[in-house]
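A.B. asks: Pasting the sequence and the predicted coordinates here, then a few questions.
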Amino acid sequence: MRFPYLCVTILVSVNAFAALPIGYDESPRQTKSEILWDNITADPYPAGELPNAETSTWDLLNLLNPYYLMVTFSHVGDEMPAERKRVIHSYGTAARVRWEPQPNSFSGVFTTGGIGIVRLSLAKAFNDPVLEVFNPGISVKLLIDGAPSVNFVAINNLDGQEQDQNFFARSLTNVLEEPSLRLQVLSVGFKVAAYLLSLVNERTLPLENAARVQSDGIALSKADARAPFQIFFEPIAASAALYANDGSDFRLQLARLPIGTPIYRVFAKRENAERELVGVLVLESNFVASRYVDETIFFQH
């Protein structure tokens, strides 16, 4: 079960389309990657027409509804549940990615690495002044042979980085500190959802699922799994320098990154232990912003 926290992608009503074929879940990971990428690139936004529509007040109210929030953690699949859409991380851009594993003491995909999709987005609701600070977030989907994908979601903190609009300014993580008072009201729904799911901390996304399956589909028992407590996506300085940070839309800037660019080093640690380098995320395509990226592809939290 996944732990909820405030930066998650909230889902409310209606996704663009569902396009996964029968037998998708049982397919090899490379086949899944091709299918997802075909869907991502089928309906890209024109460069000069990237959407920034405001979120309705009605949709924002779902941030206070724990039953809506719980679906984000309980739904298993690579596409949105029907009749739902994102509210906070509404707009993003996605690319194919390769996780190059590094020797480490953990298990599952932390050992095998894999291929999948990365979605970079901003944690903001476009008509909410509380959330108007620049707050980058990452979602990573590693595809598994014949089994559900493994997903990671991370940001730096709930309050963002003020007006610093460099997407690669800070590392991103799954364990967050308590937000400032201005955001604590918005966290009430997540606290209740955590309680209803018999969870303890609404600001921590656990990593046990990722430690219990390899990219080739081999599952490990709970006893054999070695999971970290915290994961970090650390921007690579040389690659971050390719991000122009010229004030243009972050989706346009990310689209300029060339294929083969290593964008993040991935570290992980046990609680109260030192970090270990567990992988490097490398782009296997250019970034593409599209309706499928914003309205259909799903990353379980």
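C.D. replies: That came through fine.
A.B. asks: now the helices for the stretch 101-250 of the chain?
C.D. replies: Applying DSSP state H, counting those that start in this stretch to the stretch 101-250 of the chain gives helices spanning 109-112, 181-184, 188-196, 208-211, 237-240, 250-255.
A.B. asks: In the stretch 101-250 of the chain, where is pLDDT below threshold?
C.D. replies: Scanning the stretch 101-250 of the chain for pLDDT under 70 picks out 124-132, 158-163, 176-204.
A.B. asks: show me the contacts for the residue minimising distance to the centre of the chain.
C.D. replies: Most central in the chain under Cα atoms, centre = their mean is residue 139, positioned 1.5 Å from the mean C-alpha point. For residue 139, the contact set (Cβ atoms under 8 Å, 6 or more residues apart in numbering) comprises 9, 89, 92, 118, 119, 120, 121, 151, 152, 153, 299. C-beta here means a position set from N, CA and C on the backbone, and glycine is covered the same way.
A.B. asks: Look up how far residue 246 lies from it.
C.D. replies: 25 Å (Cβ to Cβ, to the nearest Å).
A.B. asks: Could you do residue 41 as well?
C.D. replies: To residue 246, residue 41 is 25 Å away according to Cβ to Cβ.
A.B. asks: beta partners of residue 96?
C.D. replies: Beta bridges link residue 96 to residue 117, judged by DSSP bridges.
A.B. asks: Start at 367, not 1
C.D. replies: With the count now opening at 367, the last piece we talked about shows up as residue 462.
A.B. asks: hang on, it packs against residue 399?
C.D. replies: Yes: taking contacts as Cβ atoms under 8 Å, residue 462 lies within contact range of residue 399: 6.4 Å.
A.B. asks: Common neighbours of the two, please.
C.D. replies: Joint contacts of residue 462 and residue 399 (Cβ under 8 Å, 6+ apart) are 481, 482, 483.
A.B. asks: How many residues are close by residue 584?
C.D. replies: 12 (other Cβ atoms under 10 Å).
A.B. asks: cool, the one 3 residues further on as well?
C.D. replies: Using other Cβ under 10 Å as the criterion, residue 587 is surrounded by 7 other residues.
A.B. asks: nearest residue to it other than its sequence neighbours?
C.D. replies: residue 578 (7.9 Å; Cβ to Cβ, 6 or more residues apart in numbering).
A.B. asks: so that neighbour sits right up against residue 585, yeah?
C.D. replies: Yes: counting by Cβ under 8 Å, residue 585 is a contact partner of residue 578 at 6.3 Å.
A.B. asks: Looking at the two, which has the bigger crowd around it?
C.D. replies: residue 578 (19 against 12).
A.B. asks: For the more buried one, list the residues it contacts.
C.D. replies: Contact analysis of residue 578 by Cβ under 8 Å, 6+ apart lists 473, 474, 585, 586, 587, 588, 591, 593.
A.B. asks: State the distance from it to residue 399.
C.D. replies: 21 Å.
A.B. asks: next one: residue 471
C.D. replies: Applying Cβ to Cβ, the value for residue 471 to residue 399 is 28 Å.
A.B. asks: When those two are compared, which one has more neighbours?
C.D. replies: residue 399 (22 against 13).
A.B. asks: Need the contact partners of the helix or strand containing the more buried one.
C.D. replies: Using DSSP states H and E, residue 399 maps to helix 395-408. With contact meaning Cβ under 8 Å, 6+ apart, helix 395-408 is reached by 385-387, 390, 393, 444, 460, 462, 480-483, 509-511, 515, 581, 651, 654, 656, 658-659, 662-663.
A.B. asks: contacting residues around the residue nearest to residue 620 when sequence neighbours are not counted?
C.D. replies: Nearest residue to residue 620, sequence neighbours excluded (Cβ to Cβ, 6+ apart): residue 653, at 4.3 Å. Applying Cβ under 8 Å, 6+ apart, one finds that residue 653 lies in contact with 459, 460, 461, 486, 617, 620, 621, 623.
A.B. asks: Next, count neighbours for residue 662.
C.D. replies: Residue 662: 22 neighbours (other Cβ under 10 Å).
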